[in-house]
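Chemist: What follows is a predicted protein model with its sequence.
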Amino acid sequence: MHLEFPEFEVKEKKVQVHNLPELRNVKGSVVMRMAPSPSGPLHIGHSRMAILNDEYVKRYGGKLILRIEDTNPANIDPIAYEQIPRDLEWLGVTVHQIAIQSDRMESYYEQARLLIAAGHAYVCTCIQEEFKQKISASVACPHRETPPEENLEKFQKMVDGTFSPGQAVLIIKTDLKHPNPSVRDWIAFRISDAVHPRHGTEYHAYPMMNFSVAVDDHLLGLTHVIRGKDHINNTEKQKYIFNYNKWKLPEYYHYGLVDFPGVILKTSIIKKGLAEGKYSGWDDVRLGTLLAFRKRGFRPETFRRYWIRSGMREIDSEFSVEIFNSINKEIIDTSTPRLFFVPSPVQIRIIGGKDLSGKAPYHPSHPEMGYRTYILGQDPTISVPSADWNSMQDGMELRLKDLCNVIKDGNSAEFAGNAMKERKTRIIQWVPENSRKFSVYRPDGSEDTGLIEPLAEKYRGVAQLERYGYVNIVSENTGFFTHP
RNA sequence: GCUCCGAUGGUGUAGUCCGGCCAAGCAUAUCGGCCUUUCGAGCCGACGACCCGGGUUCAAAUCCCGGUCGGAGCACCA
């Protein structure tokens, strides 16, 4: 090409690929983990952690461990042991190993004894409030200087159930003058008599998250840890365990918190709603669980693309439903058939047309998907959306899509030819007389009822109900709204 | 209050480590045009941002200081 005026040369278009950054210090492959608490099925918030970890393990090779952190027997829903792996499988996350912390209690006891013996931990039998006050004043509690032998004996009493809940805790010595009070001498074990769903009353002394996490991150050989920013302070605490043992620290990454406006995620709220019968189940479309998104017709790939685009920075952000929906649409649109659904229908009669028949493609860009054909004959009765019909004045013309033009005249429509009209003419969907009742349940809890065209009877899956939105059709008369 | 962290258009982000190619890229949303007997689809275009104030420098979104705003943690939860 001859360029007489090079300054007018069109700048080469930069193609921006959304890629996650490289991880630090990758030596060959990586070992990573995700650690949801087993309080219920996974929700959209969990999907970020799962996708990010999975992406990196797939990029570098290595191993992804699902670690179920069930060391608080009071906050476990047994459904999680089954459902979390299923949720991950649906997301397309490859789990190479499952570690259930309550099955690893002996390791925690062993590591605790080693730390006690080395003088890095002590059993404290102070009143809870007194201990807190001392710590916040940077004052050592009297038990801090107990000799290791005695601590080992006391710890044994914690383990064997001699102590009752609240009577004793195991404390990791850190730095009483640490600027962050929560990092000062933190609790590693406490006593609980709650019944554990997997182990009943076998154990009395349960490790706190910061202890079991540090021990497992080492024992499981983790090279990189990616988790939410809310764990930054925990990382600080866990480092003491690594340093006392001279273990090599994994590389830590903390992504920012995401606000999900209007999405119901909190397990406690969901459980309350379930108990009250407010929600139909964990997959109620009003909820933010993966089960609910799945029921609404979202693709797992949507989650992956969304979280990769969001990156891994420490900025807090707001979940963008707009972008999430548009990603899903981008994925499904090309293979999604078009169907007619008329919400809040009004019946009208078409006067004057002869041998009317409608023919519409299942997908305008893919004629190979076929056509829906309806023979209507003479002066047929059809249904159209009342919202459209009622907003028209008598004498106004509109187009019944893939059928004909009509002029409104009360509750009738005068046939006005088949020719393509000016662009300004409103084009609406319609359904023939023998259409089926159909209800769409929306995530805001509302329900749209109307009529769906007869040929939709056997279709299952997401369809684009023209001029209405994408809907996951699950039975001949029920669908769940996916997105606009 | 204490500790730590962050701040790019309406929204989500790229760029910040190692200052110049950034008068800031991409996506989404909105608006307009084209196409199409749906459109929220496709193509084209428009709109629109470096929190504020100082400093360093030939040069700052990028480095330094101060401020403002926002967030997280400060549990015998994870």
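Modeler: That came through, no problem.
Chemist: Please, where are all the helices along the stretch 251-400 of chain A?
Modeler: Taking DSSP state H, counting those that start in this stretch as the criterion, the stretch 251-400 of chain A carries its helices at A:267-275, A:290-295, A:300-310, A:321-332, A:386-390.
Chemist: Kindly reformat those helices as JSON lines and extend each row with distance to RNA strand B, mean pLDDT and mean neighbour count.
Modeler: For the C-beta atoms, the positions are set from N, CA and C on the backbone; glycine is no exception. Output for these, formatted as JSON lines (distance: least, Cβ to the nearest atom of the strand, whole Å; pLDDT from 0 to 100; neighbours: other Cβ atoms under 10 Å):
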{"stretch": "helix A:267-275", "distance to RNA strand B": "10", "mean pLDDT": "91", "mean neighbour count": "15"}
{"stretch": "helix A:290-295", "distance to RNA strand B": "17", "mean pLDDT": "95", "mean neighbour count": "23"}
{"stretch": "helix A:300-310", "distance to RNA strand B": "4", "mean pLDDT": "92", "mean neighbour count": "19"}
{"stretch": "helix A:321-332", "distance to RNA strand B": "4", "mean pLDDT": "92", "mean neighbour count": "17"}
{"stretch": "helix A:386-390", "distance to RNA strand B": "11", "mean pLDDT": "89", "mean neighbour count": "15"}
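Chemist: Adding distance to residue A:217, write those helices out as CSV.
Modeler: CSV is the format used below for the helices of the stretch 251-400 of chain A (distance: least, Cβ to Cβ, whole Å):
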stretch, distance to residue A:217
helix A:267-275, 24
helix A:290-295, 26
helix A:300-310, 22
helix A:321-332, 31
helix A:386-390, 57
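Chemist: Wondering if stretch A:462-477 reaches RNA strand B at all.
Modeler: Yes. Between stretch A:462-477 and RNA strand B, judged by Cβ under 7 Å from any atom of the strand, the touching residues are A:464, A:466, A:467, A:468, A:469.
Chemist: For those residues, which PyMOL command selects only the ones that are buried?
Modeler: In PyMOL syntax, the buried subset of the residues of stretch A:462-477 next to RNA strand B is picked out as below (16 or more other Cβ atoms under 10 Å):
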select buried, chain A and resi 464+466+467+468+469
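Chemist: beta partners of residue A:63?
Modeler: Listed by DSSP bridges, the beta-bridge partners for residue A:63 are residue A:31.
Chemist: Quick one: residues contacting it.
Modeler: For residue A:63, the contacting residues are A:29, A:30, A:31, A:32, A:57, A:96, A:97, by Cβ atoms under 8 Å, 6 or more residues apart in numbering.
Chemist: Tell me the one among those nearest to residue A:318.
Modeler: Among the contacts of residue A:63, residue A:32 lies closest to residue A:318 (Cβ to Cβ), at 26.6 Å.
Chemist: Tell me how far the residue nearest to the closest one when sequence neighbours are not counted lies from residue A:247.
Modeler: With sequence-adjacent residues excluded and distances taken as Cβ to Cβ, 6 or more residues apart in numbering, residue A:32 is closest to residue A:53, at 4.6 Å. As defined by Cβ to Cβ, to the nearest Å, residue A:53 lies at a distance of 21 Å from residue A:247.
Chemist: Comparing the two, which residue is more hemmed in?
Modeler: Each of residue A:53 and residue A:247 has its neighbours counted (other Cβ atoms under 10 Å); residue A:53 has more, 25 against 15.
Chemist: what's the helix or strand for the more buried one?
Modeler: Per DSSP states H and E: residue A:53 is located in helix A:44-60.
Chemist: Show which residues not belonging to that helix make contact with it.
Modeler: A:20, A:23, A:26, A:28-30, A:32-34, A:36, A:42, A:63-64, A:87-88, A:91-94, A:96, A:224, A:226-228, A:255, A:258, A:260, A:263, A:265, A:288-290, A:293, A:303-304, A:307-308, A:310, A:312, A:319.
Chemist: so it versus helix A:300-310, what angle?
Modeler: Per axes from the mean of the first three to the mean of the last three Cα atoms, to 10 degrees, the angle that helix A:44-60 makes with helix A:300-310 is 80 degrees.
Chemist: In helix A:44-60, which residues have enough neighbours to count as buried?
Modeler: Using 16+ other Cβ under 10 Å as the test for burial, helix A:44-60 gives A:44-57, A:60.
Chemist: Equivalent analysis for stretch A:168-180, please.
Modeler: Buried residues in stretch A:168-180, counted by 16+ other Cβ under 10 Å: A:168, A:169, A:170, A:171, A:172, A:173, A:174, A:176, A:178.
Chemist: first to last residue in it, what's the distance?
Modeler: Distance between the two ends of stretch A:168-180: 24 Å, counting by Cα to Cα, to the nearest Å.
Chemist: which residues are contacting it?
Modeler: Outside stretch A:168-180, the residues that touch it by Cβ under 8 Å, 6+ apart are A:112, A:115-116, A:119-125, A:135, A:138-141, A:143-144, A:154-155, A:157-158, A:183-191, A:205, A:211, A:233, A:236-237, A:240-241.
Chemist: Do any residues in it lie close to RNA strand B?
Modeler: Yes. Under the criterion of Cβ under 7 Å from any atom of the strand, RNA strand B is reached by stretch A:168-180 at A:169, A:179, A:180.
Chemist: How many residues are close by the residue of chain A at minimum distance from RNA strand B?
Modeler: Closest residue of chain A to RNA strand B, Cβ to the nearest atom of the strand: residue A:69 (2.6 Å). By other Cβ under 10 Å, the residues close to residue A:69 number 20.
Chemist: Check what pLDDT it gets.
Modeler: Looking at residue A:69, its pLDDT stands at 94.
Chemist: can you check residue A:354 too?
Modeler: Looking at residue A:354, its pLDDT stands at 80.
Chemist: do residue A:165 as well
Modeler: So residue A:165 comes in at 93 (pLDDT).
Chemist: how much space between it and residue A:205?
Modeler: Residue A:165 is 10 Å from residue A:205, where distance means Cβ to Cβ.
Chemist: in a helix, that's where residue A:225 is, yeah?
Modeler: No. Assessed with DSSP: H, G, I helix; E, B strand; the rest coil, residue A:225 is strand; it does not lie in a helix.
Chemist: hey, what's it bridged with?
Modeler: On the basis of DSSP bridges, residue A:225 is bridged to residue A:252.
Chemist: who in the stretch 251-400 of chain A is up against RNA strand B?
Modeler: With Cβ under 7 Å from any atom of the strand as the criterion, the stretch 251-400 of chain A comes near RNA strand B at residues A:256-258, A:309-320, A:322-323, A:326, A:329-330, A:333, A:338, A:360, A:363-365, A:399-400.
Chemist: Low-confidence stretches in chain A?
Modeler: A:1-18, A:420-424 (pLDDT under 70).
Chemist: pretty sure the residue of chain A closest to RNA strand B is touching residue A:101, no?
Modeler: Yes. Counting by Cβ atoms under 8 Å, residue A:101 is a contact partner of residue A:69 at 5.3 Å.
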